[in-house]
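K.L.:
have a look at this prediction, sequence included:
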Amino acid sequence: MEPLLPCKAIESDNKCSIVLELSEDDPLFEKKKKLLQSKGFNSKERIIFKSSSGPDYIATTLKVMLQIARIINLDEVELYFREDDISLAEDLYSPRNELQALNSILQLVDISLCSSVQMQKDLLQELHDAVVDMIHKFSDSNSVKTVIVKDQNCDKENYLLDWCEQNGVRTRLQIAYVEGAGRGAIALEDLKVGDTALEIPASLIICEKLVHESEMYLVLKNIDGISSETMLLLWSMKEKYNNNSKFKTYFATLSEEFRTGLSFGLKANMAMAGTLLFNEIMQAKQHLRTQYDELFPALCDAHPDIFPPELYSWESFLWACELWYSNSMKIKFADGKLRTCLIPIASFLNHSLYPHVVNYGKVDCATNSLKFCLSRPCGAGEECFLSYGNFSSSHLITFYGFLPKGDNPYDIIPLELDDGNFISEWTSHMVRGTWLSRNDKIFHYGLPSPFLDHLRRLKTPVLHTKTPLQANLENEKEVLDDLINMFGSLMDELGDPDDDDRKDTGWDVKLAIEFKNLQRRIYSSVITSCYWGLKLVDKELCKCMAEDSLG
Ligand SMILES: C[S@@+](CC[C@H](N)C(=O)[O-])C[C@H]1O[C@@H](n2cnc3c(N)ncnc32)[C@H](O)[C@@H]1O
């Protein structure tokens, strides 16, 4: 769930003002406040609209609001990699940020619409339409074609859909197989911004309540430190085989194998050696194995009637882990508690870097249901996507088993550096593919400024005999040379791409090699950008020396 923009609207007869406020609870408050100030804004800004303002005024004012809302909605990675070069046309940070910022403004306008007098209503409606128009324009320029796989049977899914509808689910989505992602949810009709694509009554959400009602709870509640997630996992291992289960039709739609990184075989493990993915998968598997060994066979030995040994093998445990990792959602219930849940139908929604549904995860107290409302339009026949979160590809492969299409801004390489004991805004540094940057100019080279600044400060510029600019440029060359060496060594550690066994068509080996190639591509983009940077710096140095020799 993404945070909602903390804004408030204030009204008076023929004008209204909207307050955009950066919450002091935001963990990135100081950094965002500084950025807002650098653009001439405070952490709390009131924007005034008058009914006689006219469309140009509305468009210009919305632009200002968007600038503020974008900063308020930045996440840590976006903040680290932001490019504040004034020569860049727009402060566009990422599709995620743009959609979140626009929707946060829309939400605020809509809240004000509900409680305003007629004159303000017209004005706010105009504002609402202008924001929706901006979302449409942005959506059109980022749309992806849906390819439905026609010859796949969806009987089980349709059966589940019927059962859910009989039990209060309202859906404007149908289930179909889509290319490269198993099943997905397809819009049955044109859906607009704000429309509810899917509504699930709380009674159909699978959560800890079901464990509490089962006989295994009497045993599990006495285990020190066991989490409700682990209890649910153990419950689902057994419930899957329960013919009288309320959720029988749901369990019938689940795959026998999930094919996430947790199921990678030996060859795939070898193929991804040296990558970030290898570390992530090994750590996760080790953690799960320890957890399993702490519980089994002890539970089966002590309570074979409740935990039949044939249902509680390591393989079954891993299946349940993959189910919960790849299909669960964290939901806030009416009592204010956050619970990890499985949600029939909603779990057919695939992930996208450019999702339709951004804000979800809170049970609506008025209807006691969970609503999936659109943050951007979704046309009839188009696949409706969620965002599972701002995850790197290694995380998505480990816990979900796929590499997302398109440029993932969260594919970062964390770097361990000498901290140089500098007081800095950033305590850790990272890089990502420089193709994601829009600034390849001198002193930028597509690389993040906090990282470059850190490296510059690690070097001591020679300032005595040369002009400061010349000294800076020489310092810059050393930084770039160091980077080329550093990323050259990292690239070598990944081995020769020709050694990757591309003939092996196993799904896991394929994914492992795809990831390794992604990591190579990131390293290679950094190296290429540094060589480009060296050229720019050399050119500038030549200019400097020519000017010096002219006196
Ligand atoms: C919550 S389920 C979504 C429904 C799933 N496609 C199915 O057939 O059950 C999550 C799983 O869907 C698949 N998935 C989700 N988004 C995907 C994407 N963008 N590309 C490929 N596979 C995706 C992955 O297998 C992931 O573990």
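P.N.:
Arrived safely.

K.L.:
how far does stretch 76-86 sit from the chain's center?
P.N.:
17 Å (CA atoms, centre = their mean, to the nearest Å).

K.L.:
residues touching the one residue in the stretch 51-200 of the chain that gets nearest to the ligand, list them.
P.N.:
When scored by CB to the nearest ligand atom, the stretch 51-200 of the chain has G182 as its residue closest to the ligand, at 2.8 Å. To be clear about C-beta, it is placed using only N, CA and C from the backbone, and glycine gets the same treatment. G182 makes contacts with 255, 350, as judged by CB atoms under 8 Å, 6 or more residues apart in numbering.

K.L.:
beta partners of it?
P.N.:
For G182, the beta-bridge partners are V178 (DSSP bridges).

K.L.:
name the residues of stretch 493-510 that are buried.
P.N.:
494, 500, 508-509 (16 or more other CB atoms under 10 Å).

K.L.:
near the ligand too, which of these?
P.N.:
Among the buried residues of stretch 493-510, no residue sits close to the ligand (CB under 6 Å from any ligand atom).

K.L.:
just the ones in helices from those residues, please.
P.N.:
In helices, defined here by DSSP state H, the members of the buried residues of stretch 493-510 are 508-509.

K.L.:
could you pull out the strands for the stretch 301-450 of the chain?
P.N.:
Ranges of strands in the stretch 301-450 of the chain, per DSSP state E, counting those that start in this stretch, are 329-332, 338-341, 363-364, 369-373, 412-415, 429-432.

K.L.:
packing partners for the fourth one?
P.N.:
Pointing back at strand 369-373 there. strand 196-201, strand 363-364 (3 or more CB pairs under 8 Å, 6 or more residues apart in numbering; DSSP states H and E).

K.L.:
would you turn those strands into TSV with distance to the ligand and mean pLDDT?
P.N.:
Listed next are the helices and strands packed on strand 369-373 as TSV, based on distance: least, CB to the nearest ligand atom, whole Å; pLDDT from 0 to 100:
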stretch	distance to the ligand	mean pLDDT
strand 196-201	13	98
strand 363-364	19	96
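
K.L.:
counting neighbours, what do you get for the closest residue to the ligand within the stretch 401-550 of the chain?
P.N.:
For the stretch 401-550 of the chain, the residue closest to the ligand is F402, as judged by CB to the nearest ligand atom, at 3.6 Å. As a burial measure, F402 scores 19 neighbours (other CB atoms under 10 Å).

K.L.:
how many residues are close by the nearest residue to it once chain neighbours are set aside?
P.N.:
Among residues not flanking F402 along the chain, L396 sits closest, at 6.0 Å (CB to CB, 6 or more residues apart in numbering). Neighbour count of L396, defined by other CB under 10 Å: 23.

K.L.:
over to the one 10 residues further on?
P.N.:
Counted with other CB under 10 Å, residues neighbouring G406 total 11.

K.L.:
same thing with L28?
P.N.:
If we define neighbours as other CB under 10 Å, then L28 has 16 of them.

K.L.:
could you dump the strands of the stretch 301-450 of the chain to CSV with mean neighbour count?
P.N.:
Formatted as CSV, the strands of the stretch 301-450 of the chain follow (neighbours: other CB atoms under 10 Å):
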stretch, mean neighbour count
strand 329-332, 16
strand 338-341, 19
strand 363-364, 18
strand 369-373, 21
strand 412-415, 15
strand 429-432, 21
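
K.L.:
so which of these comes closest to P201?
P.N.:
Nearest to P201, of all the strands of the stretch 301-450 of the chain, is strand 369-373, at 4.9 Å by CB to CB.

K.L.:
what lines up beside the closest one in the sheet?
P.N.:
Looking at strand 369-373 with DSSP bridges, its partner strands are strand 196-201 (antiparallel), strand 363-364 (antiparallel).

K.L.:
just name the most buried of the ones you listed.
P.N.:
strand 196-201 (a mean of 20; mean count of other CB atoms under 10 Å).

K.L.:
I am finished for the moment; much appreciated.
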